[in-house]
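In: whatever this is, show me its structure:
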Amino acid sequence: MPVARAAALAEARRCWDDNITSPDCADLRAGDARRLVTPAKMGQSFLATNGDPGASVKSAGRGEMRDERGRSGAETAARPARRASQRHDDDWSEVKLNPSDEMRQLQLAYRLYQSSQVKDAYKLLQGIVRNNKRNYHAMHLLGIIELNNGNPSGIEYLERSLEIEPPNPDFIENYAKTLRAVGNVKEAHRVCDHGLELFPRRPALLHMKAITACELGLIEESIEILDRLLAANPNNWQCLNDKAIALSKSGDLSKVVECLDRAIALNPNFATAHNNRGNALKRLWRFDDALSSFDRAVALRPDYAEAFCNRANTLRDIGRFEEAVVAYDKTIALAPHSADAPYNKGLCVLAMGNYREGFRLIEYRSAP
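Out: The predicted structure follows:
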């Protein structure tokens, strides 16, 4: 896999972990709708019990699935998990549970993952796939673990998991999100179309299609889909945020602020919406209101590098250079590989009369 694609996956992992995008970009950003379906969510759809795809892994704890000694799945799974904690060097890929009980092995891997024993879960999943190369649930969870570890081979696992019959909408959704994360937005859009042919009423696939349509410049299509989703659920604050993004590309900033105000009213702690609102207000020359929005965004997320950078840019544009330098320093501390933040800080330092330091910072951006 090309180095550039591996680097894109590493950045994608950071986006999935904390939703931070490049700190030097002032575009409006999508919210949590971009993230992969995590194993916690997938527990409701892919960890079925007794071969019933409609049952949940949680049912084992209620006694619906019992072994020959009357133990529930959770009790049985806890036994090898306890042994694993006593033997730190266990190679779970070599654990030989009953081959006919793959579902229980998968449930054990899921529980290990949920309890942060990712290494043990990964090895157990490898063993499952080694014994059954058509266990697409195990492949899919392996893919998520690989991608969360920054390993591009996770894409291959996700691709192989799509061979499952009947098709799993979560698998399709994750694959589309992964394609988008590595920059293949056009293919992600196509995968959403394919998924919607199979699951036409799937809101998550519709939402992802709206996001990819917006990024491909299909603004009217994106807004039309988001309006359909909002008609079904007017309180979907993520859709309101993404509609604001689409509207911003059409230049209708007053409607952008209106959508973001509605999103924030529904979820006051939605830091991304506060940041997006600040960008829209700045473009409307409402600088004080923009700064208030950026302040709220960084108060909600103290590690929000992009919001700190946008705040710094606004302070620079209204001539408050000393405050801007402080905000740029915070941005650089949070995103040390940013090139634009040192450059913009350099412009502020030059405006303050410190030419040597200002030119040094500007040259930093130009360095190979």
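
In: list phi and psi for Asn135.
Out: The phi/psi pair for Asn135 (degrees, to the nearest 10) reads phi -90, psi 90.

In: what's the answer for Glu163, then?
Out: phi -80, psi 0.

In: now Asn132. Its backbone dihedrals?
Out: phi -150, psi 100.

In: so how far is Asn151 from it?
Out: 22 Å (Cβ to Cβ, to the nearest Å). C-betas here are computed from N, CA, C, even on glycine.

In: between those two, which is the more surrounded one?
Out: For Asn132 and Asn151, the more surrounded residue by other Cβ atoms under 10 Å is Asn151, and the numbers stand at 18 against 14.

In: so which bits of stretch 241-252 are buried?
Out: 241-249 (16 or more other Cβ atoms under 10 Å).

In: report the backbone C-alpha coordinates of it in CSV.
Out: C-alpha atoms of stretch 241-252 as CSV (Å, rounded to 0.1, in the frame of the first residue of the first chain):
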residue,chain,number,x,y,z
ASN,A,241,-24.6,20.4,11.1
ASP,A,242,-24.0,18.7,7.8
LYS,A,243,-26.7,20.7,6.1
ALA,A,244,-25.0,23.8,7.4
ILE,A,245,-21.8,22.6,5.7
ALA,A,246,-23.6,22.1,2.4
LEU,A,247,-25.3,25.5,2.6
SER,A,248,-22.0,27.1,3.3
LYS,A,249,-20.7,25.9,0.0
SER,A,250,-23.6,27.5,-1.7
GLY,A,251,-22.9,30.8,0.1
ASP,A,252,-26.1,31.0,2.1
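
In: renumber starting at 47 from here on
Out: Okay, using 47 as the starting number, the last item reads as stretch 287-298.

In: distance between it and the chain's centre?
Out: Distance of stretch 287-298 from its chain centroid, counting by Cα atoms, centre = their mean, to the nearest Å, is 20 Å.

In: which residues does Asp341 contact?
Out: Asp341 makes contact with Arg357, according to Cβ atoms under 8 Å, 6 or more residues apart in numbering.

In: and the one 5 residues further on, by the same measure?
Out: If a contact means Cβ under 8 Å, 6+ apart, then Leu346 has 315, 317, 320 as its contacts.

In: do you know how far the closest residue in space to the last one that isn't next to it in sequence is from Leu158?
Out: Going back to what we said before, that points to His320. Spatial nearest neighbour of His320, excluding adjacent residues (Cβ to Cβ, 6 or more residues apart in numbering): Ala343 at 4.0 Å. In this structure, Ala343 and Leu158 are 36 Å apart, going by Cβ to Cβ.

In: got it, and Glu304?
Out: Following Cβ to Cβ, the distance that separates Glu304 from Leu158 is 46 Å.

In: of these two, give the one with the bigger neighbour count.
Out: Leu158 (23 against 16).

In: nearest spatial neighbour of Gly324, skipping sequence neighbours?
Out: Ser339 (3.5 Å).

In: check which helix or strand covers the one you found.
Out: If you go by DSSP states H and E, Ser339 is part of helix 333-346.

In: what does Asp288 give?
Out: Assigned by DSSP H and E, Asp288 falls in helix 283-296.

In: show me what that helix is packed against.
Out: Counting contacts by 3 or more Cβ pairs under 8 Å, 6 or more residues apart in numbering; DSSP states H and E, helix 283-296 packs against helix 249-261, helix 265-278, helix 299-312, helix 317-329.

In: how about these in a markdown table, adding mean pLDDT?
Out: Listed next are those as a markdown table, based on pLDDT from 0 to 100:
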| stretch | mean pLDDT |
| --- | --- |
| helix 249-261 | 94 |
| helix 265-278 | 95 |
| helix 299-312 | 95 |
| helix 317-329 | 95 |
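
In: any weak-confidence spans in the chain?
Out: Along the chain, segments meeting pLDDT under 70 span 47-146, 410-414.

In: one more pass at 50, please.
Out: For the chain, applying pLDDT under 50 flags the ranges 47-72, 78-81, 85-141, 143, 414.

In: quick one on the thing from earlier: from the contacts of Leu346, which would you call buried?
Out: By 16+ other Cβ under 10 Å, those give 317, 320 as buried.

In: before we move on, back to that, return the closest of the buried residues of stretch 287-298 with respect to Gly392.
Out: Ser294 (28.4 Å; Cβ to Cβ).

In: now that closest one: how far from Asp334?
Out: 20 Å.
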